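Undergrad: Fold the following, please.
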Amino acid sequence: MKRILTAILFLTLIAAVPVIAQDGQAAQEARRRAEIAARQAQQQLQRQAAGLAALQEAAEAREGDAIDEAFDRNGANAAVSNQGDEAEDDVPPSPPAEELPDGTMRFHLMDGSILTGTLAVDALPVDTEFGRLVVPIDSIKSFAPGLNAHPQLAQRIDTLIAQLGSPNAAQRDRAQADLIAFGPDLIPELQKHAADPDDERKLRVATVLEELYGMMDDPMVFDQDPGPSLARLDHVVTDGFTIAGSIAVDTFVIESKFGQLTVGLGDIQSAGIVTNAVPDIRRSVEVTGTDMTRVSEKNTGIRLNRGDRVIIRAEGQITMTPWGNGAIATPDGCAQCGNYAGNILMGALIGRVGDNGNDMLIGSSSTFTAERAGTLYLSFALQPNWGRQQFPGKFTVRIRVVPAQ
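TA: Now for the predicted structure:
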């Protein structure tokens, strides 16, 4: 730009300087032609300068737009953010649920299938240590056959407990891991073996119990489908109390929309009255070094509503290549890599609700209540200018959503 302005000034000065020539018509003609050429050159350079200025202004505008898009979508513009909130909250109501008869139950079967229907009986007999109780069906909230009704599962647990004292170390380790995988519901059964005469088995039982006790305080441990009951006796839950005993029915006739179905007691994992309560959402996703904040975020596929309680746990690591292979980011970030924004470290796990939501630190553990409706996005905190670098590794993220009731 400076060179162009200098050339214009130079040509202007040339045009202003008298042409030194011999007297006569030839000298005057030469001077006239020189003045015309100088004016034409000046006009052309002025047009070029104007064009270059316009191009530079457009480039600067595009660069500004890119920066705004990359960094200023965190709610800096209150009007835009508020419009986004209204758009996210303007969610069409769900279609009305199918009307079900009173007493409709959902049956979870041992093979993983689910049936919905009503029991074709008026009462459920249960043998207890105090005698037989006949429980009206309309008083039952749920029931779950125990290990006595599932002999194969009971045999597997007994075998695993016995293998805790195996002379084979690898078999002991496998049995210990398999028992832990059953979760806290196995605690009452394992407590029966806390004083086992075999020292190795006794030590292993104590180790498994310690792990299971720790799981009881972790809100992420329990699956939406709790699995079969690991108590020996059947349990029937009513409006006022829970009955432990043996359900005195070998088979059930279930009235479903497909007609009558017959199901054995041993085929049932659990059954419960169908309610209008929305079940928890459980999901596990992976966030990699390519899922960068505001560039290519991970869509969890979870749609949050205002008031939903969200619990997230994350683990894993990603290599921060630009800072060297020794620089590792956990979900809490990379301390030696600087800050992404505010108190959020580069490489940290970031969350956002909706397209126009604010970035928030998730880290390795986070619990929050959704203040707006929208899709939950997760990402790897990184400035866009690092986008062409390689960041090997991943975060494994477990998500639980407790819907607002």
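Undergrad: can we go C-alpha only for contacts and neighbour counts from here?
TA: OK.
Undergrad: partners of the helix or strand harbouring Ile254 in the sheet?
TA: According to DSSP states H and E, Ile254 maps onto strand 251-256. Strand 251-256 has its sheet partners listed here by DSSP bridges as strand 114-119 (antiparallel), strand 259-264 (antiparallel).
Undergrad: Can you say which of these is packed in most?
TA: strand 114-119 (a mean of 19; mean count of other Cα atoms under 10 Å).
Undergrad: Tell me which helix or strand comes right after that one.
TA: Where DSSP H and E defines the elements, the next helix or strand beyond strand 114-119 is strand 123-128.
Undergrad: That next one pairs with which strands?
TA: Strand 123-128 pairs in its sheet with strand 131-136 (antiparallel), strand 242-247 (antiparallel), by DSSP bridges.
Undergrad: Of those, give the one that comes closest to Asp178.
TA: Distance to Asp178, taken as Cα to Cα, is lowest for strand 242-247 among the strands paired with strand 123-128, at 26.6 Å.
Undergrad: which stretches of the stretch 101-250 of the chain form helices?
TA: Counting by DSSP state H, counting those that start in this stretch, the stretch 101-250 of the chain has helices at residues 151-163, 169-181, 187-191, 199-215.
Undergrad: Could you dump the ones you listed into JSON lines with distance to Gly316 and mean pLDDT added?
TA: Converted to JSON lines, the helices of the stretch 101-250 of the chain look like this (distance: least, Cα to Cα, whole Å; pLDDT from 0 to 100):
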{"stretch": "helix 151-163", "distance to Gly316": "30", "mean pLDDT": "96"}
{"stretch": "helix 169-181", "distance to Gly316": "21", "mean pLDDT": "95"}
{"stretch": "helix 187-191", "distance to Gly316": "29", "mean pLDDT": "94"}
{"stretch": "helix 199-215", "distance to Gly316": "20", "mean pLDDT": "93"}
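Undergrad: Who is Gly259 paired with across the strands?
TA: Beta-bridge pairing of Gly259 under DSSP bridges involves Ser256.
Undergrad: Going forward, the N-terminal residue is numbered 50.
TA: All right, first residue 50 from here; so that's Gly308.
Undergrad: Quickly note the distance from it to Val446.
TA: Distance, Gly308 to Val446, by Cα to Cα, to the nearest Å: 42 Å.
Undergrad: got it, and Arg205?
TA: Counting by Cα to Cα - Arg205 and Val446 are separated by 31 Å.
Undergrad: next one: Thr177
TA: The gap separating Thr177 from Val446 is 44 Å, by Cα to Cα.
Undergrad: Looking at the two, which is more packed in?
TA: Neighbours around Thr177 and Val446, counted as other Cα atoms under 10 Å, are more numerous at Val446. The numbers are 22 against 16.
Undergrad: which SSE is the more buried one in?
TA: Val446 is part of strand 442-451 when elements are defined by DSSP H and E.
Undergrad: low pLDDT regions in this structure?
TA: Within the chain, the ranges that satisfy pLDDT under 70 run 50-147, 266-275, 326, 374, 436.
Undergrad: Domain ranges for it, per the record?
TA: Here the domain assignment for the chain is 51-117, 154-198+277-322, 200-264, 328-451, based on automatic domain parsing.
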